[in-house]
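Peer 1: compute the structure for the input listed below.
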Amino acid sequence: MDRIFIIAEAGVNHNGNLETARKLIDAAAAAGADAVKFQTFKTENLVSRNAGKAAYQMETTDAEESQFDMLKKLELTPDMHRELISYCREKNIMFLSTPFDLDSLHYLVECGLGIIKIPSGEITNYPLLKEAAKSGRRIILSSGMSTLDEVSEAVAVLRENGGADITVLHCNTEYPTPFSDVNLRAMQTIKEGIGISVGYSDHTPGIEAAVAAAALGAEVIEKHFTLDRNMAGPDHKASLEPDELAEMVRAVRHIEQALGSGKKEPSASEKKNMSVARKSIVAKCGIKAGDIFTEENLTAKRPGTGLSPMLWDQVIGQKAKRDFAADEMIEL
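Peer 2: Numbering: from 1, shown residues only. As a prediction, the model looks like this:
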């Protein structure tokens, strides 16, 4: 892994407004994210008219409103998609969107997207998985609400239908996710159990879990963000604001650098400190030529420019060939 792929998840936080969506792209680009992701769906293909809302949606939107009516207001039209794709090019950030139905998947492929992001709720949607794999695009699959067996089955469907470049994101779909339910080690379980690239889609408050996931080897980090958590809409309260998103990106990039190659050796920046911090064998007191070096007349002190104390046993018992003053480095 050379670079963690950071997805700023705008989702439906545009509230159906093109100008708000543009501002979200501005914020994601300014934060340094690699991609900004929206959601593509036809409400009629996604949800039945009498479907209820999730508990968190009931708390953040009109409780009397159906899920169908809520989502219908959050659709992005084809014209809006084209506008946003073009605007992302101007801002030098990748446009991504999550398809929630087959028509939307085919549309995003037609738009030329190189990555298909499959949401957690579609991990058991065989037809969508199959078509996504057949598209030949890179697949990023969120795995919220699923067992390891279900993740394995979904990955098998993708692979059987031509999916070769697949990353599975560990995820919890409670908004916001309690830290006690994050279970970041499951990301490593997925990697080891299925033999696949992994990442993390984060719905916790703050940035700690995302940064920890980077330290644990996530190759993709996805995080919801908004212009203002106080805006009306289902996902704003579980999202970062622009300055927090920028802080998360900086922290992930720092962790990315800090992980290093894994080879244990002195770094370029610390080599200059070796002679200062390490020690040499020196005379503990005055030593005359012909004296025997002993535990009583030798010690180890800084700097480390002389004989290493690791040679201690080879020096003890030898005869001094000249006089040494106290603190003088021993020479053989």
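
Peer 1: alpha carbons only for contacts and neighbour counts from here, please
Peer 2: Noted.

Peer 1: all helices for the stretch 1-150 of the chain, in order.
Peer 2: Ranges of helices in the stretch 1-150 of the chain, per DSSP state H, counting those that start in this stretch, are 18-31, 43-46, 55-60, 67-72, 78-91, 102-110, 126-134, 148-160.

Peer 1: relative to R229, how far out is the residue positioned nearest the centre of the chain?
Peer 2: With distances taken as Cα atoms, centre = their mean, I221 lies nearest the centre of the chain, 3.4 Å away. Distance of I221 to R229, computed by Cα to Cα, to the nearest Å: 20 Å.

Peer 1: okay, the residue nearest to the centre of the chain: pLDDT?
Peer 2: Listed pLDDT for I221 reads 98.

Peer 1: from what I see, it and I207 are in contact.
Peer 2: No. I221 is beyond contact range of I207, at 10.9 Å (criterion: Cα atoms under 8 Å).

Peer 1: walk me through the domains of this protein.
Peer 2: The domain map for the chain lists 5-259, 266-332, with the assignment taken from automatic domain parsing.

Peer 1: could you work out the end-to-end span of the shortest one for me?
Peer 2: Spelled out, it's domain 266-332. 27 Å.

Peer 1: do stretch 305-314 as well
Peer 2: End-to-end distance (Cα to Cα), stretch 305-314: 18 Å.

Peer 1: tell me the secondary structure of the residue nearest to the centre of the chain, please.
Peer 2: strand (DSSP: H, G, I helix; E, B strand; the rest coil).

Peer 1: show me what it is bridged to.
Peer 2: I6, Y200 (DSSP bridges).

Peer 1: now the strands: where do they sit in the chain?
Peer 2: For the chain, strands defined by DSSP state E occupy the ranges 5-11, 35-40, 94-99, 115-118, 138-142, 166-171, 197-202, 220-224, 280-283, 298-301.

Peer 1: deepest in the core, which of those is it.
Peer 2: Counting by mean count of other Cα atoms under 10 Å, strand 197-202 has the highest mean neighbour count of the strands of the chain, with a mean of 28.

Peer 1: ok, K91 touching A28?
Peer 2: No. The criterion here is Cα under 8 Å, and K91 misses it with A28 at 9.5 Å.

Peer 1: quick one, which of these two is more surrounded?
Peer 2: Neighbour count, other Cα atoms under 10 Å: between K91 and A28, A28 has more, with 29 against 14.

Peer 1: need the contact list for that one.
Peer 2: Contacts for A28 were tallied using Cα atoms under 8 Å, 6 or more residues apart in numbering; they are 8, 35-36, 242, 245.

Peer 1: who touches stretch 261-269?
Peer 2: Outside stretch 261-269, no residue touches it (Cα under 8 Å, 6+ apart).

Peer 1: gap between the two ends of that stretch?
Peer 2: Stretch 261-269 has an end-to-end distance of 15 Å (criterion: Cα to Cα).

Peer 1: what distance separates that stretch from the middle of the whole chain?
Peer 2: 23 Å (Cα atoms, centre = their mean, to the nearest Å).

Peer 1: comparing the domains of the chain by mean pLDDT, which bottoms out?
Peer 2: Minimum mean pLDDT among these: domain 5-259, a mean of 94.

Peer 1: how far does that domain stretch from start to finish?
Peer 2: OK, domain 5-259 end separation, Cα to Cα: 15 Å.

Peer 1: what residues of stretch 74-81 count as buried?
Peer 2: Buried residues in stretch 74-81, counting neighbours by 16 or more other Cα atoms under 10 Å, are found at 74-76, 81.

Peer 1: so what's the gap between it and the chain middle?
Peer 2: Mean-position distance between stretch 74-81 and its chain equals 28 Å (Cα atoms, centre = their mean).

Peer 1: now for P176: which residues touch it?
Peer 2: Counting by Cα under 8 Å, 6+ apart, P176 touches 203-205, 237-238.

Peer 1: possible to save those as a markdown table with neighbour count and distance to V276?
Peer 2: Formatted as a markdown table, these follow (neighbours: other Cα atoms under 10 Å; distance: Cα to Cα, whole Å):
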| residue | neighbour count | distance to V276 |
| --- | --- | --- |
| H203 | 27 | 47 |
| T204 | 24 | 45 |
| P205 | 17 | 44 |
| K237 | 21 | 52 |
| A238 | 22 | 50 |
